[in-house]
Each structure stands twice: as structure tokens, then as C-alpha cells.
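J.: this one's structure only:
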């Protein structure tokens, strides 16, 4: 399957639309069903999906691009992106490390998918340290029981911390490569994400 059919980050470029048309032409060459009308409907459907199914960015922020793949990000496959149903509504949400267009700031954002196939974006952590987003990564944590940083003895549990955290739903593991990490998880009681440190 062509990579353009798997893209999530951007709308299709002109060259990618041409490639999509060629793919549809190939399908119809092998299976000539429905004629021109069906071909037009398929193309319109694909373009509609790529126009409206993508997360819209917070104002002033951008997705990572190829120039950002340095340091720790060179060692892993897309450590700046992950996806799962984080709030247990049956829809697949996304989490991204984004860059501010006008400053050196970067941040972790979660995009909660809605029933209308749009996304509500929530900033989870914004940082302005010069170096840098590429020292961080994100991944999905499966539901289960985990010992927290205070439970491991890094410090005494306080300020609402518990030695164990039970995740009911997939969560976001937000980590510094070969260093500390924390989980962002959805709390049904307050309908928002909470953060708990796992290591230091």
C-alpha cells in the first residue's frame, strides 16, 4: 500500500494527489467496475478523508519534519508520535511532540478524537529549554498496575502521590532517553489528564 494512504500529519500535496489518481486508475484497469462515476466517487472520498480527518494544529505550533530528526530521534521510529484510545470513548486519539513556530519552545500535546472526526487538542507539557525536544520521546503504556517513582524509593510519597498507579486505559509514557519518565493518564473522575512520575 502506498505510504500516502497511511499519512496522518498533513494534507496531500499536488504530487501525492496525482499518485492517488494513478493508484485508482490501476485499480480500475484491473477491475473495470462502475466506470467513470465510481472512479470520481472514490477520488472524492479519498480527498475528503485527507482534508478533514487530520488533527488541526494549535495556533503557532507545527509538526516535526525531517530537519528535526536529530540526536535521540535518529535512533528510534517516530518517538515524537503515538496513538491509542486514551480516554476510553472508543475513538483513537493521538499524542505528538510539537514545535513552536516563533520560539524555541516545544511541547507534548494530546489530540482527542471526537465523534465528528475532528480533534480537541490539549497541551500536557510545554518546555522552552534550548536543547531540546529530541532528548524526549513518547510511547503508549498499556493498562495495568505500575510502581511509581515514590513507590520505588526515589523520594517519599507526598502531595497525592501513591506508591502504585493502576491504569484503566492506555496512557502516554513521556520519557527522557535513558533517564526519567512519567505517565500522562486520563482520570474519569475529573475528566482530564493527570501526570504521575515513574522514575527519576
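T.: Received it, and whenever you're ready, just let me know what you need. Everything numeric in this text was worked out from a predicted model, so none of it was measured.
J.: So which residues of the protein form strands?
T.: 61-62, 81-84, 93-100, 106-113, 119-127, 136-141, 144-147, 164-167, 171-176, 181-187, 192-199 (DSSP state E).
J.: I'd like those strands laid out as JSON lines, including mean pLDDT and distance to residue 55.
T.: C-beta here means a position set from N, CA and C on the backbone, and glycine is covered the same way. Shown next, in JSON lines, are those (pLDDT from 0 to 100; distance: least, C-beta to C-beta, whole Å):
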{"stretch": "strand 61-62", "mean pLDDT": "96", "distance to residue 55": "11"}
{"stretch": "strand 81-84", "mean pLDDT": "98", "distance to residue 55": "10"}
{"stretch": "strand 93-100", "mean pLDDT": "97", "distance to residue 55": "6"}
{"stretch": "strand 106-113", "mean pLDDT": "97", "distance to residue 55": "4"}
{"stretch": "strand 119-127", "mean pLDDT": "96", "distance to residue 55": "4"}
{"stretch": "strand 136-141", "mean pLDDT": "97", "distance to residue 55": "15"}
{"stretch": "strand 144-147", "mean pLDDT": "98", "distance to residue 55": "27"}
{"stretch": "strand 164-167", "mean pLDDT": "97", "distance to residue 55": "23"}
{"stretch": "strand 171-176", "mean pLDDT": "97", "distance to residue 55": "15"}
{"stretch": "strand 181-187", "mean pLDDT": "98", "distance to residue 55": "17"}
{"stretch": "strand 192-199", "mean pLDDT": "97", "distance to residue 55": "16"}
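J.: With respect to residue 68, which of the ones you listed lies nearest?
T.: Residue 68 lies closest to strand 93-100 among the strands of the chain, at 6.9 Å (C-beta to C-beta).
J.: Report the angle between the closest one and strand 136-141.
T.: Between the axes of strand 93-100 and strand 136-141, defined by axes from the mean of the first three to the mean of the last three C-alpha atoms, to 10 degrees, the angle is 170 degrees.
J.: Now do the residue lying closest to residue 87 once chain neighbours are set aside: how many residues are near it, please.
T.: Distances taken as C-beta to C-beta, 6 or more residues apart in numbering place residue 186 nearest to residue 87, at 4.4 Å, with adjacent residues excluded. When counting by other C-beta atoms under 10 Å, one arrives at 23 neighbours for residue 186.
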